[in-house]
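Enquirer: I'd like to go over a predicted model; first the sequence, then the structure.
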Amino acid sequence: DEKKRNELVSQDESSAEIIKPLLKGTDLSRYHIDNQSRYLIYSKVGINIDNYPAVKNHLSKYKDQIGDTATDEEWYELQQDQEEYEAFFENPKIVYPDISKECSFAMDTSGYYMVNTCYFVPSDSYALLAVLNSTPVNWYYQFVTSEYRGGYQRSFTHAIKGLPVPTSLADKQDNDVEELADLAEELTESRQTREA
């Protein structure tokens, strides 16, 4: 959590290099990311953990639990190499949950990493974001995804890949939609504040 992240960074500033903001599918709705101040220690394969003494010390407390899951990697390393995804995680992207009642796409400009209940489209196009959140796409989406109890839909890459999207979206539209997306974000945050 944020308290632990701040504690590790205060002990050793280099910790910030490998502590990444983390999203779950439940954090996402249309045009909105509900930041829950959750973090991931991104200790990828080949990392020199000695360069991050505060993180190493923290992880050492859980070495027995973590070590039981390791295969060929060091006990503190992620099991699967995620290097091919790093650039996508760090850059702007359109994110969406794996299960939702409607199309729920949002723009991530904060470099979130994600658990396996989130997916992403490697694009910074707000016009594309608007198309993905549109009523026609939401209608189409019902026919290409699996429906679960309560009317929820399950999204996997194959369903999103097949969505009919215009091949060219104008820059002006992109700017207009970015302004609308910012407004939607503000309204969502304002509503959440009133409800709290």
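Expert: Received, thanks.

Enquirer: roughly how far apart are the residue of the chain most remote from its centre and residue 188?
Expert: Centroid-distance maximum for the chain: residue 64 at 28.6 Å, with CA atoms, centre = their mean. Separation of residue 64 from residue 188 (CB to CB, to the nearest Å): 42 Å. For every residue, glycine as well, the C-beta is placed using N, CA and C.

Enquirer: ok, now residue 143?
Expert: Where residue 188 is concerned, residue 143 sits at a distance of 28 Å (CB to CB).

Enquirer: These two: who's more crowded?
Expert: residue 188 (17 against 8; other CB atoms under 10 Å).

Enquirer: List of residues touching the helix or strand in which that one is found?
Expert: Assigned by DSSP states H and E, residue 188 belongs to helix 171-195. Applying CB atoms under 8 Å, 6 or more residues apart in numbering, the external contacts of helix 171-195 come out as 29-32, 34, 107, 125-127, 129-130.

Enquirer: and if you look at stretch 76-85?
Expert: 42-47, 49, 56, 59, 63, 66, 69-71, 73.

Enquirer: Highest neighbour count among those?
Expert: Counting by other CB under 10 Å, top hit in these: residue 43 with 22 neighbours.

Enquirer: tell me, how many neighbours does residue 189 end up with?
Expert: Residue 189, neighbours per other CB under 10 Å, totals 12.

Enquirer: Check what pLDDT it gets.
Expert: For residue 189, the pLDDT comes out at 75.

Enquirer: Show me where this structure dips below the pLDDT cut-off.
Expert: Residue ranges of the chain with pLDDT under 70: 67-71, 80-82, 156, 158, 164-174, 196.

Enquirer: Tell me which stretches of it form strands.
Expert: Here the chain has its strands, by DSSP state E, at 19-23, 28-29, 32-33, 39-41, 93-97, 99-100, 106-108, 113-114, 118-121, 146-148, 152-154.

Enquirer: Save these as TSV, and put in mean neighbour count and distance to residue 11 too.
Expert: As requested, the strands of the chain are exported to TSV (neighbours: other CB atoms under 10 Å; distance: least, CB to CB, whole Å):
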stretch	mean neighbour count	distance to residue 11
strand 19-23	21	12
strand 28-29	21	32
strand 32-33	20	28
strand 39-41	18	14
strand 93-97	21	31
strand 99-100	18	38
strand 106-108	23	28
strand 113-114	22	22
strand 118-121	20	30
strand 146-148	11	43
strand 152-154	16	41
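
Enquirer: Many thanks, I have nothing further to ask.
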